[in-house]
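>>> model the following, please.
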Amino acid sequence: MNNLYSDKPSDYFKLIRKEIIDLIPPNTKRILDIGCGEGNTAYEAKIFLNADYVAGIELNEQACAIAKEKLDKIVCGNIEIIELPFDPNFFDCIICADVLEHLVNPWDVLIKLKRYLSEDGVLIASIPNLQYIVPVIRILLNKFEYEDYGILDRSHLRFFTLHTIQKMFSDSGYEIIKIAYNRNKSLKMKIFNLMTIGLLKKFSIFQFLILAKAKLK
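As a prediction, the model looks like this:
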């Protein structure tokens, strides 16, 4: 699995996900970022929210080495395998930004992470939308081919639509409290939406942003 990430472009692990930071509740003090890369999103979140403690989990060893200089704690390893060195109910927010689609069993990981959420804690995830117009057209044309990045990234092991995202969170014991999205706003897409009277606007969404809490027992 690690070999799939060794050929990623250098900026793959450097991203700052502002739209993720905007979803974090303002009173958040302890954050865990799964797949944190070089730690830039988590570090920016700590500054923006004046958080007390920010930790990260990352598979890529080179990215881990850089993240160690920025975060309070970094654990290098596969979230599906490693035991987390944190107390139960410790984190106010856990981030899974473009992570779940890379996992063999994202359902088990969501269940695993619930243990570390505080009573009012939230989990934030960003997940590519297979119903986005580009992969839909490629499927229709019998050209479903993997790429170096994007929705058809060759390191993606799972593919989701909004329905399957909602079902995964529900089956894993979460309640989704907010759904946002990243949408293609290009001129071509605007013309497409005008031509279809907005009826196919949902196909312009390439990524869903999920804010969820553990269901009350």
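
>>> tell me what the most centrally placed residue in the chain is bridged to.
By C-alpha atoms, centre = their mean, the chain has its centre lying nearest to A97, at 2.0 Å. Assessed by DSSP bridges, A97 has beta-bridge partners S126.

>>> same check, this time on L32
Applying DSSP bridges to L32 gives these bridge partners: A55, I94.

>>> which stretches of this structure have low pLDDT?
1-13, 217 (pLDDT under 70).

>>> so how far is K188 from the residue of the chain positioned farthest from its centre?
Centroid-distance maximum for the chain: M195 at 32.2 Å, with C-alpha atoms, centre = their mean. Taking C-beta to C-beta, to the nearest Å as the measure, M195 falls 11 Å from K188. Any C-beta I mention is one placed from the backbone N, CA and C, and that applies to glycine too.

>>> likewise Y146?
Taking C-beta to C-beta as the criterion, Y146 is separated from K188 by 24 Å.

>>> give me the contacts around stretch 161-177.
Identification of contacts with stretch 161-177 by C-beta atoms under 8 Å, 6 or more residues apart in numbering yields 100, 106-107, 110-111, 114, 122-123, 127, 129-131, 160, 179, 208, 210-215.

>>> again, 7 Å this time
Outside of stretch 161-177, the residues within contact range by C-beta atoms under 7 Å, 6 or more residues apart in numbering are 106-107, 110-111, 114, 123, 127, 129-131, 208, 210-215.

>>> next, the buried residues of that stretch.
Within stretch 161-177, the residues scored as buried using 16 or more other C-beta atoms under 10 Å are T161, L162, I165, Q166, M168, F169, S172, Y174, I176.

>>> quick one on the thing from earlier: give the contact list for the residue farthest from the centre of the chain.
Contact partners of M195, counting by C-beta under 7 Å, 6+ apart, are absent.
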